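Colleague: Need coordinates for the following:
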Amino acid sequence: MVLSNHHQAHSPSVADSGATLGELLKKKKLITNDQLKRALAEQSERLRQLDQAVHLGLILVEQQYVTEQELLKAVNEHYQLSLRSFPANFDNILRRQGINRQKKLPIFRFPIWLQLSLAITLIVTLTIFLLDFFVLSRQKDRLYQQTLKVGMISLTYFDTNARIPLLEDNILQLNTLIKNAAEVEGLLYAMIVDQRKEIKAHTDRHKIGTEFQKIEHMTKVQQDGDTSFFEYTLPAGERVLNLSRPIVFKDKQLGQVHVGVSLDFIEQDVRRERRSILWMTVLIISFGIMIAIYFGLRFSRPISQLVKATQDISKGKYQHHIDLTRRDELGNLAFAFNRMNEELWIKSLMQESFGKYVGPQVLDLIMENPEDTWLQGQTNEATILFADIRGFTTYSESKAPKVIVDELNQFFEIANRAILNYDGYIDKFIGDGVLAVFGVPVYQKDHIKNAVGAAFEMQQAFRSAGANGNVLLSSIGIGIHTGLVVSGNIGSPVKMEYTVIGDSVNVASRISEIAAPGEIIISSNIYERIPDFLEVEPFRPHEIKGRTKPVKTYKILKIRERHHGQWS
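Modeller: Numbering: from 1, shown residues only. Next comes the predicted model:
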């Protein structure tokens with residue numbers, strides 16, 4: 001096991017992860033609190049004296065407070081790792097593990113349609129339960145009161161019509177009276193008993209003339225005026241509500257009338273209603289589940305599409321368009337996603353093909369046909385501008401790297417701004433030079449004037465910045481040439497960029513080498529196309545590699561101004 005030699009003195013991650021590891025080992029009772037304090041003190045001492053950050057885990061093993069096997073077992077179990085030795089960059093491993101976990105989508109166990117189904121089932125079930133509890137209970141009470149009312153009406157009927165027949169001991173008339181009343185729904189029996197407890201009339205003719213037997217195991221005995229009622233159970237198991245009232249004639253009690261009303265029909269009605277509610281519940285839940293699945297899938301499918309498209313975008317695949325014609329929040333989300341995807345595609349296209357060096361006007365024109373032939377190889381007329389620092393190698397030998405970088409960045413910033421202002425794009429930075437192109441990938445009628453205008457603006461800005469202290473900017477020569485170039489995406493699947501190649505590019509490069517510091521040199525191709533636009537000083541013809549004849553060149557002294565983006 002080798003201790004770390006990485007200098008991480010100013011990184012809190014080592015100390016933070018070490019303290020966390022120390023607490024873990026204390027929790028597992030592998031080290032004591034005193035051992036942890038001594039190890040932390042040793043870690044701080046090494047950091048102070050040696051400017052060397054050593055992980056606490058390594059110090060604990062080195063001090064023999066814990067074995068490496070114990071340390072690895074605790075770490076692997078807690079962080080779900082499979083380390084075979086404790087690494088010096090343990091905190092980096094933990095950080096990468098956290099990042100990788102964040103990159104993975106969480107595995108969901110309950111899709112939206114299932115959640116909606118469960119929610120609807122729960123709501124419907126709870127609603128039906130409450131309905132059953134309150135409504136059926138109230139219905140049961142109403143049925144009971146109705147049954148009691150039926151019994152009371154029957155008692156009143158018998159009491160009123162049985163007085164004279166009972167006084168006359170007219171058994172035939174009494175039983176005729178009972179027989180007519182027995183047809184009432186829910187009435188199990190009715191009987192008239194005289195003072196001697198003899199049954200004079202009964203719905204069951206076999207009990208006529210027998211002695212009335214007192215009913216046992218009565219429950220819920222109540223009294224309402226001269227009427228008493230109670231509940232009891234017949235031997236067959238049927239529950240009965242018995243009501244009785246004395247038969248009185250001229251203050252003399254002649255006997256009693258009893259009626260028995262079935263209570264089971266109440267339970268039967270409640271059970272029938274409960275079954276109806278149950279079937280209704282099943283139907284509602286089934287319908288609700290189907291609706292939940294429909295809306296769940298209606299919501300989850302677009303979300304799944306968005307998730308997949310987002311994953312592809314994270315991998316750099318921007319060719320996604322979510323077709324979601326919905327007039328709701330998901331439709332708005334899909335619209336916003338497509339807009340975002342389009343913007344990301346534009347930025348990606350800028351980064352991959354043009355870097356940060358394409359003007360917005362050029363980019364807008366390109367994006368109208370993003371997959372058009374401008375990415376493919378084609379031959380067009382274009383104007384090439386080279387700007388290069390004279391004597392940069394000698395200058396850089398006497399300057400600090402930071403100063404050189406700052407001054408170069410100012411040079412590139414000025415060049416970039418001027419080129420974009422005149423609708424060109426920076427093809428590439430070549431060491432201490434800039435290659436700019438005007439006229440491709442989008443054709444511009446005034447690409448020659450634009451290139452000259454950009455060069456002149458650069459020249460003025462370089463002079464101003466050079467006078468303010470950046471002497472490097474006073475040593476820049478600019479060369480411009482126009483002609484045919486081959487443009488397109490050139491490279492390999494690993495690295496590809498949009499660029500221009502050809503003889504015109506080489507000529508522009510050679511002309512820029514002719515330019516002295518602070519000069520703009522153009523070819524005759526430039527001057528002959530816009531002679532009235534320029535004030536120049538002729539140069540002698542120069543031999544240029546690759547050309548059989550010398551190339552005429554001119555130094556620009558002055559150009560016509562551009563007003564509101566248009567050349568006069």
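Colleague: ranges for the strands of the stretch 151-300 of the chain?
Modeller: Under the criterion DSSP state E, counting those that start in this stretch, the stretch 151-300 of the chain carries strands at the ranges 187-194, 199-202, 219-224, 227-233, 239-249, 252-262.
Colleague: From the chain's centroid, how far away is the third one?
Modeller: On the basis of CA atoms, centre = their mean, to the nearest Å, strand 219-224 is displaced by 66 Å from the centre of the chain it belongs to.
Colleague: C-alpha coordinates for that strand, PDB please?
Modeller: Extracted in PDB, the C-alpha atoms of strand 219-224 (Å, rounded to 0.1, in the frame of the first residue of the first chain):
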ATOM      1  CA  THR A 219     -84.300  -7.700  24.400                       C
ATOM      2  CA  LYS A 220     -84.700  -3.900  24.000                       C
ATOM      3  CA  VAL A 221     -87.900  -3.800  26.000                       C
ATOM      4  CA  GLN A 222     -89.600  -0.400  25.700                       C
ATOM      5  CA  GLN A 223     -92.900   1.200  26.700                       C
ATOM      6  CA  ASP A 224     -94.700   3.800  24.800                       C
END
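Colleague: Need the contact partners of it.
Modeller: 228-232 (CB atoms under 8 Å, 6 or more residues apart in numbering). C-betas here are computed from N, CA, C, even on glycine.
Colleague: For that strand, could you pull out the residues that count as buried?
Modeller: For strand 219-224, burial by neighbour count (16 or more other CB atoms under 10 Å) applies to no residue.
Colleague: nearest to residue 514, of the strands of the stretch 151-300 of the chain?
Modeller: strand 239-249 (120.2 Å; CB to CB).
Colleague: contacting residues around the closest one?
Modeller: In contact with strand 239-249 (CB under 8 Å, 6+ apart) are residues 147-148, 151-152, 154-155, 158-159, 162-164, 166-167, 188, 192, 215, 218, 226-234, 253-264, 267.
Colleague: what angle do it and strand 252-262 make?
Modeller: 160 degrees (axes from the mean of the first three to the mean of the last three CA atoms, to 10 degrees).
Colleague: List the buried residues of strand 239-249.
Modeller: 240-245, 247.
Colleague: thinking again about what came up before, can you flag the buried ones in the contacts of strand 239-249?
Modeller: 147-148, 151-152, 154-155, 158-159, 162-163, 166, 188, 192, 227-232, 254-264.
Colleague: quick revisit: okay, the contacts of strand 219-224 in CSV with pLDDT and distance to residue 202 next?
Modeller: Output for those, formatted as CSV (pLDDT from 0 to 100; distance: CB to CB, whole Å):
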residue, pLDDT, distance to residue 202
228, 89, 19
229, 88, 19
230, 90, 19
231, 88, 20
232, 89, 17
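Colleague: From these, pick the one nearest residue 401.
Modeller: Among these, and counting by CB to CB, the member closest to residue 401 is residue 231, at 105.3 Å.
Colleague: The closest one contacts residue 263, correct?
Modeller: Yes. Using CB atoms under 8 Å, residue 231 is in contact with residue 263, at 6.6 Å.
Colleague: Angles on the backbone of residue 81, please.
Modeller: phi -110, psi 180 (degrees, to the nearest 10).
Colleague: swap in residue 115?
Modeller: According to degrees, to the nearest 10, residue 115 has phi -60, psi -40.
Colleague: residue contacts, it?
Modeller: Contacts of residue 115 (CB under 8 Å, 6+ apart): residue 296.
Colleague: From residue 289, how far out is it?
Modeller: 12 Å (CB to CB, to the nearest Å).
Colleague: now swap in residue 68 and tell me
Modeller: 57 Å.
Colleague: more neighbours, the two?
Modeller: residue 289 (19 against 16; other CB atoms under 10 Å).
Colleague: Once you drop chain neighbours, what's closest to the more buried one?
Modeller: residue 117 (4.6 Å; CB to CB, 6 or more residues apart in numbering).
Colleague: That neighbour: helix or strand, and which one exactly?
Modeller: Assigned by DSSP states H and E, residue 117 belongs to helix 112-131.
Colleague: list the buried ones in that helix?
Modeller: So, applying 16+ other CB under 10 Å, buried residues of helix 112-131: 112-114, 116-117, 120-121, 124, 128.
Colleague: what helix or strand does residue 527 sit in?
Modeller: helix 524-529.
Colleague: Quick one: distance of stretch 149-165 to the chain centre.
Modeller: So, by CA atoms, centre = their mean, the centroid of stretch 149-165 is 76 Å from its chain's centroid.
Colleague: mean confidence for it?
Modeller: Average pLDDT, stretch 149-165: 84.
Colleague: List of residues touching that stretch?
Modeller: 170, 173-174, 177-178, 181, 184, 186-187, 190, 192, 201, 227, 229, 241, 243-245, 247-249, 254, 257, 259, 261.
Colleague: Do you know the pLDDT at residue 106?
Modeller: pLDDT, residue 106: 52.
Colleague: I'd say residue 422 and residue 453 touch.
Modeller: Yes. Using CB under 8 Å, residue 422 makes contact with residue 453 at a distance of 5.0 Å.
Colleague: who touches both of these two?
Modeller: What both residue 422 and residue 453 touch, as defined by CB under 8 Å, 6+ apart, is an empty set.
Colleague: rewinding a little: now for the buried residues of helix 112-131, which pair is the farthest apart?
Modeller: 112 and 128 (24.2 Å).
Colleague: What are the boundaries of the helices in the stretch 301-450 of the chain?
Modeller: 329-349, 360-368, 392-397, 401-421, 447-467 (DSSP state H, counting those that start in this stretch).
Colleague: So which elements touch the last one?
Modeller: This points to helix 447-467. For helix 447-467, the packing partners by 3 or more CB pairs under 8 Å, 6 or more residues apart in numbering; DSSP states H and E come out as strand 378-389, helix 401-421, strand 433-438, strand 476-491, strand 520-523, helix 524-529, strand 553-559.
Colleague: what about the first one, distance to the chain center?
Modeller: Offset of strand 378-389 from its chain centre (CA atoms, centre = their mean): 47 Å.
Colleague: now the helices of the stretch 301-450 of the chain in JSON lines, with mean neighbour count and distance to residue 508?
Modeller: What follows is the helices of the stretch 301-450 of the chain, written out as JSON lines (neighbours: other CB atoms under 10 Å; distance: least, CB to CB, whole Å):
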{"stretch": "helix 329-349", "mean neighbour count": "15", "distance to residue 508": "26"}
{"stretch": "helix 360-368", "mean neighbour count": "14", "distance to residue 508": "19"}
{"stretch": "helix 392-397", "mean neighbour count": "13", "distance to residue 508": "19"}
{"stretch": "helix 401-421", "mean neighbour count": "17", "distance to residue 508": "14"}
{"stretch": "helix 447-467", "mean neighbour count": "21", "distance to residue 508": "10"}
